[in-house]
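Participant: Kindly return the folded structure for what I paste below:
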Amino acid sequence: MVDVDGSVVIQIINFIFLIWILNLVLYKPIRKIILQRKEKVTEFGLDIEALKIDAGKKDDIFTAGIDEARAKGLREKEAILLNGAEEEKKIIEDINAQIRTNLSDVREKIEKDVEDVRQSLEKEVDGFADIIGQKILGRAVT
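Facilitator: All right, here's what the predicted structure looks like:
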């Protein structure tokens, strides 16, 4: 059987003193470091959330900028196409006017050539009639 004497009290005091020393030297600094680490992790988590929100805003701004640039590009494209169509219309009208002018010049020339040929043929008709008459009749026509 175990006798309880004064050494048990000394052992209890020694145990309490050892726990107090360990708490002072070992446990409190470790808990302090753990709390600091927890604060840093929480801080990093908040920073990450803030950066995510900032990145989302920047992404929205970037997307809006791209959409605006596309819209501006489409407006410029439509303006260029419209200007091109107007220029094409103007060029076609100029070409049609030149063709009409050339066509009327060509018609006048053809009419003049036809009239010249008609006049030259009318001068030669009598000679041709005499030659044909001679060939048909076989003698000279006077």
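
Participant: Could you give the average pLDDT over stretch 89-109?
Facilitator: Mean pLDDT, stretch 89-109: 92.

Participant: Could you list the buried residues of stretch 87-107?
Facilitator: For stretch 87-107, the neighbour count (16 or more other Cβ atoms under 10 Å) marks no residue as buried. Just so you know, the C-beta spots here come from the backbone N, C-alpha and C atoms, and that holds for glycine as well.

Participant: what about that stretch, distance to the chain center?
Facilitator: Here stretch 87-107 is found 38 Å from its chain centre; the criterion is Cα atoms, centre = their mean, to the nearest Å.

Participant: Same check on stretch 11-24?
Facilitator: Centre to centre, stretch against its chain (Cα atoms, centre = their mean), the figure for stretch 11-24 is 77 Å.

Participant: try stretch 9-20
Facilitator: Using Cα atoms, centre = their mean, the distance between the centre of stretch 9-20 and that of its chain works out at 81 Å.

Participant: Dump it to CSV, keeping only the CA atoms.
Facilitator: Taking C-alpha atoms only, stretch 9-20 is exported to CSV below (Å, rounded to 0.1, in the frame of the first residue of the first chain):
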residue,chain,number,x,y,z
VAL,A,9,2.7,17.7,-1.4
ILE,A,10,6.2,18.6,-2.7
GLN,A,11,5.4,16.7,-5.9
ILE,A,12,2.1,18.5,-6.3
ILE,A,13,3.8,21.9,-5.8
ASN,A,14,6.6,20.8,-8.2
PHE,A,15,4.0,19.8,-10.8
ILE,A,16,2.1,23.1,-10.5
PHE,A,17,5.4,25.0,-10.6
LEU,A,18,6.4,23.0,-13.8
ILE,A,19,3.1,23.8,-15.4
TRP,A,20,3.4,27.5,-14.6
